[in-house]
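[1] build me a model from this:
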Amino acid sequence: MMPAPRGVGAEPVKTQPEPSGESLVDDARVRAILAAMLAELRRDTELVTQIDALDSKLTASLTRDQLPEVLSSLTELVGQRIQRIERAKQEIEGLLSHMVGKLDEIGQFVADQNQNQSQAQASSETLNVQLAGEMKAMGESVESADDLQQIRLQVRSRIDSIDRHLQEFRQREAALTSAMQARSEQMLSRITELEAEANRLHGQLKDEQRQSMIDVLTKIPNRLAYDKRIEEELKRWQRFKQPTCIAVWDVDHFKRINDAYGHRAGDKVLETVADCLAHRIRGTDFLARYGGEEFVMILPGTELDNALRVVEEMHAAIARIGFHFRGTPVSITVSSGITALLSNDSAGAAFDRADKALYQAKANGRNRCVSN
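    Below is the predicted model:
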């Protein structure tokens, strides 16, 4: 018997639907990536409420059914952030264009001032020519006059003419002065407005720069701020040879905390550790979140032995933290590696030594500091 052709008397092939509510294969990694994206979006204060609502969905395991909705909400937030950045960009471009217009006005003002000076100089030269002419004519009249009365009349006529020239000169000068004063007042107003706009833009840019160097979650400096600071400290160390140490910290078993209690608990642990370290660093020290659960500290003017004592005290303080998440006690410890700056050191080389010491501390049992 011939087999039935496709679609004629044959049973349709049924595809098996994916089970509804099935957990993602790498749920913890997906949630970590989404949480990191939300942390970056949190820089926009007007999106915080929406971000918090979406962040709350990441506390529990994500299913395949939930993921499209979460990604759709995240896409919408990213779109809003892009729109706000674009509006800010357009505002700055408009302000810069406005400032260019004001600079053009200043250039025109300078040109008008030069023209006014030329007009004033021409008016003075005209007066000089007129006065010289009148004085010459007066002398000629006196010489040609027949009697005293005629001399008096001619002198009086010339004096009146000189007075008229002086009045015309004063009127021209008054008009020029008035016009210059009006333009000066107008330009002063424009310059004041320009300065105010420039100051506002400068303040806005400083705020943006400051925010770009602060970690959104822990409110301490971020890796960008660390990169800037370590370059400064390297230059200072190369100049003065003042002992300087770098310590790298890592929260022990952080992934286990995330898996057991959720990413919100992990975030709280990072905030708590950052707060504990920040309140115990000295005025000359520098602390930053390097990334993930890793922190980095710069200790200028500190020998390695003294730096070790400072770090050990911080280890003990963190271990004493009574951290609870939703009523459940969570043990927090950290491991760290520390190194001193060496001759011809680079920022990368110094950090790598401290990071290598950190991994040695973890290999030795965690909750300790190793120097390198």
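[2] pull up the distance across stretch 42-53, start to finish.
    12 Å (C-alpha to C-alpha, to the nearest Å).
[3] chain center to it, what's the gap?
    Computed by C-alpha atoms, centre = their mean, to the nearest Å, the chain-centroid distance of stretch 42-53 equals 19 Å.
[4] before we move on, what about stretch 259-267?
    Distance, stretch centre to chain centre, for stretch 259-267: 31 Å (C-alpha atoms, centre = their mean).
[5] list the contacts of that stretch.
    Stretch 259-267 is contacted from outside by 28, 31-32, 35, 55-56, 58-60, 217, 254, 257-258, 293, 325-326, 328, 330, using C-beta atoms under 8 Å, 6 or more residues apart in numbering. C-beta: built from backbone N, CA, C; applies to glycine.
[6] list the buried residues in it.
    Neighbour counts over stretch 259-267 (16 or more other C-beta atoms under 10 Å) mark 261-267 as buried.
[7] same deal with stretch 365-372?
    Buried, per 16+ other C-beta under 10 Å, within stretch 365-372: 367-372.
[8] next one: stretch 197-206
    Within stretch 197-206, no residue qualifies as buried by neighbour count (16+ other C-beta under 10 Å).
[9] quick one, strands of the stretch 201-350 of the chain?
    Remark: strands assigned in the stretch 201-350 of the chain by DSSP state E, counting those that start in this stretch are 244-251, 286-291, 294-300, 324-325, 328-329, 334-340.
[10] Arg87: which of the ones you listed is closest?
    Nearest to Arg87 among those is strand 286-291; the distance by C-beta to C-beta comes to 29.3 Å.
[11] tell me what the closest one is packed against?
    Where contact means 3 or more C-beta pairs under 8 Å, 6 or more residues apart in numbering; DSSP states H and E, strand 286-291 is packed against helix 223-240, helix 263-278, strand 294-300.
[12] quick one: low-confidence parts of the stretch 201-350 of the chain?
    Within the stretch 201-350 of the chain, not a single segment meets pLDDT under 70.
[13] against Thr244, how distant is Ala307?
    Shown here: Ala307 relative to Thr244, a distance of 9 Å by C-beta to C-beta, to the nearest Å.
[14] now do Lys255
    Lys255 is 32 Å from Thr244, where distance means C-beta to C-beta.
[15] more neighbours: these two, which one.
    More crowded of Lys255 and Thr244, by other C-beta atoms under 10 Å: Thr244, with 23 against 14.
[16] centroid-nearest residue for the chain?
    What sits nearest the mean C-alpha location of the chain, by C-alpha atoms, centre = their mean, is Gln209, with 1.4 Å.
[17] ok, that residue to Leu224 distance?
    Plainly put, Gln209 is 10 Å away from Leu224 if you go by C-beta to C-beta.
[18] domains for the protein, by residue range?
    23-212, 223-371 (automatic domain parsing).
[19] most packed of those domains?
    Burial of these is given as mean neighbour count (mean count of other C-beta atoms under 10 Å); domain 223-371 ranks first at a mean of 17.
[20] common neighbours of Ala307 and Thr244, please.
    Common contacts of Ala307 and Thr244 (C-beta under 8 Å, 6+ apart): 299, 340.
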